[in-house]
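1. Need the 3D shape of this:
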Amino acid sequence: MNSTWSKADIHMHTTFSDGTATVREVLEYVVERTDLKVIAITDHDTIEGALEARRLAPQYGIEVIVGAEISTLEGHMLALFIEEPLPRKRPAAESIAAVHEQGGLCIAAHPYGILVPSMGRAGLRERYSGAQREWPLDGVESFNASLWLTSNNDTAAAVGAELGLTLCGGSDSHHLATIGMGYTLFPGQTAEDLRRAIITGQTLVEGSYWGWGRVAEVVGLRFKREMTQLTRRALRPSTP
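-> Sure thing, here's the model as predicted:
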């Protein structure tokens with residue numbers, strides 16, 4: 001790899017959606033435990049965590065892209081470089097148009113994952129193809145570290161290459177230990193360099209899978225978090 005290339009993890013979650021780590025914990029982990037130069041916070045259907053991360057980022061020397069994992073009617077989509085929240089459960093074509101209106105980029109998330117809502121299984125190949133593209137995506141997540149069937153990523157990479165879509169990688173991290181396990185390599189060091197690389201198709205994708213041990217850890221952390229929240233609600237004084 002050329003030394004002028006950098007790593008970006010463009011798919012991760014915080015406690016603003018279903019992640020188990022706070023924004024500060026994520027930023028601290030990225031700086032102390034990884035060699036990532038750029039990250040995107042992509043909580044489900046909200047940009048609140050990403051906005052907080054971008055505000056705090058200068059304290060940590062990391063660049064943060066404001067993003068979200070949008071729940072479209074046809075599957076999940078990463079919206080990157082956005083400034084305004086987007087409604088959930090809209091047709092993917094409408095969500096893509098709304099992201100592009102903000103100057104953002106659209107990446108099909110885990111497009112052939114079988115246990116998550118995925119655009120590949122809703123006709124990505126057909127809806128991206130043709131003169132009038134119904135889904136004018138900017139890229140496809142060809143490596144998602146959380147998927148337990150490696151063939152799902154293989155299919156995404158093959159279809160992405162066939163369609164000429166930029167290939168991207170992300171960890172889909174929901175807890176600290178999995179951050180950076182999937183990533184996008186790009187020429188340069190900044191978020192703007194990454195944007196340019198996605199637009200021009202100058203990316204490489206690498207990573208390793210979570211594995212069952214980390215999946216179990218995520219489940220345990222989520223259970224602990226939910227039980228803590230239930231206990232707090234139970235102990236909260238009732239109002240007359």
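
2. can we go C-alpha only for contacts and neighbour counts from here?
-> Fine.

3. Buried residues of whichever strand or helix holds Ala50, list them for me.
-> Using DSSP states H and E, Ala50 sits within helix 48-60. Using 16 or more other C-alpha atoms under 10 Å as the test for burial, helix 48-60 gives Glu48, Gly49, Ala50, Leu51, Ala53, Arg54, Leu56, Ala57.

4. isn't the fifth one right up against Glu63?
-> In other words, Ala53. No - taking C-alpha atoms under 8 Å as the definition, Ala53 is not a contact partner of Glu63, at 9.1 Å.

5. list the helices and strands the longest strand along the chain packs on?
-> Criterion DSSP state E: the longest strand present in the chain is strand 63-72. With contacts defined as 3 or more C-alpha pairs under 8 Å, 6 or more residues apart in numbering; DSSP states H and E, strand 63-72 has these neighbours: strand 38-41, helix 48-60, strand 75-80, helix 191-200.

6. so which of those gets nearest Pro87?
-> strand 75-80 (11.9 Å; C-alpha to C-alpha).

7. what's the closest one packed up against?
-> Packed next to strand 75-80, using 3+ C-alpha pairs under 8 Å, 6+ apart, are strand 63-72, strand 105-108.

8. residues making contact with the shortest one?
-> Put plainly, it is strand 105-108. 76-81, 96, 99-100, 118-119, 137-141, 168 (C-alpha atoms under 8 Å, 6 or more residues apart in numbering).

9. can you give me the strands in this structure?
-> Ranges of strands in the chain, per DSSP E, are 5-9, 38-41, 63-72, 75-80, 105-108, 139-144, 166-170, 182-187, 204-207.

10. Redo the ones you listed as CSV? Include mean pLDDT and mean neighbour count.
-> Rendered in CSV, the data for these read as follows (pLDDT from 0 to 100; neighbours: other C-alpha atoms under 10 Å):
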stretch, mean pLDDT, mean neighbour count
strand 5-9, 98, 24
strand 38-41, 98, 28
strand 63-72, 98, 26
strand 75-80, 98, 28
strand 105-108, 98, 26
strand 139-144, 98, 29
strand 166-170, 98, 28
strand 182-187, 98, 26
strand 204-207, 97, 18
